[in-house]
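A.B. asks: no letters, just coordinates:
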């Protein structure tokens, strides 16, 4: 009896142990997770093919169309003038920009003119005697001669004898020596060739300037030119006379420009061609950095999208029902941020925003993008 109880107890203990082990095993087993199928949402738009103008964008520094460096051809002390010789000073056409003291040179010129007048006076008796018919014009020339005014042109000689006689007395030599000095005297005063502004000055009033020394820079503020570099691949689109819109870096101001010159040489390093745009308007400054948008030609039956939507530069995703489909297109022209493409039919639904991880056949849900 005791032996039977031991056997039954052992069996029960073993059964309890087995059941406990099974329960513990079931508790340690993790249930396989059930993943919900994710459908990504996308923004789309309908293709509407139209005529799109090609815009070539470039940039460059503005420069005054008329700009001159001021140099002196004579030596002397810089004299005060009505307006100060300082950067930013405005001068109208013909106004004196600077003047150099010419007292010594002027005295020498007057001496030469006096000698020339004396040589004319000395030949008058001989002209009256040998060329009585020509005496009147020489007499009128002497009467109009003024030491303090520009020397008038000599009377025309009517015969070879008269010409040889006048030349033999040194009249022509003395006359051209005086005219040469008068021309040089004008170089002591520098006048504005056009209305403009001094942008640089190298000297001040009272300074001794020497021949060949740079004095400053003078520009015309009414017309400017913008030099831009255009990719050689698009040079055929650029023509003289093209209208151009230029604007500052912040795009707060814009001006109208026109292509006036196109260089025929290609830069071997950058493979670009220089084009020159004439710009007129207010608030323009020499040296300004401007952007230019050159309207060239129109591409018909095309649409413009973001460059981020391109796949391998030749494909885009279209939405066919609820699936993405990768289709091949023809990229015609690349801008900085957009690309003009052809090959999509009107009404085709394409992505309007790029989708990371997108693939052909991907299941998507469309959001109405307003």
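C.D. replies: Yes, it's here. Please read these numbers as outputs of a predicted model, since none were measured by experiment.

A.B. asks: would you list the phi and psi of residue 134?
C.D. replies: Backbone torsions for residue 134, taken as degrees, to the nearest 10, come to phi -100, psi 0.

A.B. asks: with residue 307 instead?
C.D. replies: Backbone torsions for residue 307, taken as degrees, to the nearest 10, come to phi -70, psi -20.

A.B. asks: skipping adjacent residues, who's closest to it in space?
C.D. replies: In this structure, residue 307 finds its nearest non-sequential neighbour in residue 339, 5.1 Å apart by C-beta to C-beta, 6 or more residues apart in numbering. The C-beta positions use only the backbone N, C-alpha and C, and glycine is treated the same way.

A.B. asks: rounded mean pLDDT for stretch 176-192, please.
C.D. replies: Summarised as a single mean, pLDDT over stretch 176-192 is 93.

A.B. asks: tell me the average confidence for the lengthiest strand in the chain?
C.D. replies: Among the segments of the chain that qualify as a strand by DSSP state E, the longest is strand 289-306. Taken as a whole, strand 289-306 has an average pLDDT of 84.

A.B. asks: okay, now the closest residue to residue 280 other than its chain neighbours: neighbour count?
C.D. replies: Leaving aside its sequence neighbours, residue 280 sits nearest to residue 223 (C-beta to C-beta, 6+ apart; 5.8 Å). Neighbour count for residue 223, taken as other C-beta atoms under 10 Å: 15.

A.B. asks: do the same with residue 85
C.D. replies: Using other C-beta under 10 Å, residue 85 has 25 neighbouring residues.

A.B. asks: so it, which state does it fall into?
C.D. replies: Following DSSP: H, G, I helix; E, B strand; the rest coil, residue 85 is assigned to coil.

A.B. asks: how about residue 104?
C.D. replies: At residue 104 the chain is in helix, as set by three-state DSSP.

A.B. asks: next one, pLDDT for the residue most central in space within the chain please.
C.D. replies: Closest residue to the average C-alpha location of the chain: residue 226 at 2.6 Å, with C-alpha atoms, centre = their mean. In this model, residue 226 is scored at 91, pLDDT.

A.B. asks: cool, the one 3 residues further on as well?
C.D. replies: With respect to pLDDT, residue 229 has a value of 88.

A.B. asks: measure it to residue 142 for me?
C.D. replies: Shown here: residue 229 relative to residue 142, a distance of 65 Å by C-beta to C-beta, to the nearest Å.

A.B. asks: in terms of neighbours, single out the busier of those two.
C.D. replies: Counted by other C-beta under 10 Å, residue 229 and residue 142 do not tie: residue 229 has more neighbours, with 16 against 11.

A.B. asks: the closest residue to residue 288 other than its chain neighbours sits in which helix or strand?
C.D. replies: Among residues not flanking residue 288 along the chain, residue 62 sits closest, at 4.3 Å (C-beta to C-beta, 6+ apart). Assigned by DSSP states H and E, residue 62 falls within strand 50-64.

A.B. asks: got any ranges where the stretch 1-150 of the chain has weak pLDDT?
C.D. replies: Within the stretch 1-150 of the chain, the ranges that satisfy pLDDT under 70 run 1-17, 19-38.

A.B. asks: what ranges do the helices span in it?
C.D. replies: Along the stretch 1-150 of the chain, the segments classed as helices by DSSP state H, counting those that start in this stretch run 2-28, 103-130, 135-144.

A.B. asks: and the angle from the second one to helix 135-144?
C.D. replies: When you say that, I think you mean helix 103-130. Helix 103-130 and helix 135-144 are oriented at 160 degrees to each other (axes from the mean of the first three to the mean of the last three C-alpha atoms, to 10 degrees).

A.B. asks: would you mark the buried spots in helix 103-130?
C.D. replies: 105, 109, 112-113, 116-117, 120, 123, 127 (16 or more other C-beta atoms under 10 Å).

A.B. asks: pick out the most distant pair among those residues.
C.D. replies: Spanning the widest gap among the buried residues of helix 103-130 are 105 and 127, at 32.2 Å by C-beta to C-beta.

A.B. asks: quick one: which of the buried residues of helix 103-130 is nearest residue 356?
C.D. replies: Among the buried residues of helix 103-130, residue 105 lies closest to residue 356 (C-beta to C-beta), at 81.1 Å.

A.B. asks: now do the contacts for the closest one.
C.D. replies: Residues counted as contacts of residue 105 (C-beta atoms under 8 Å, 6 or more residues apart in numbering) are 74, 76, 181, 184-185, 188.
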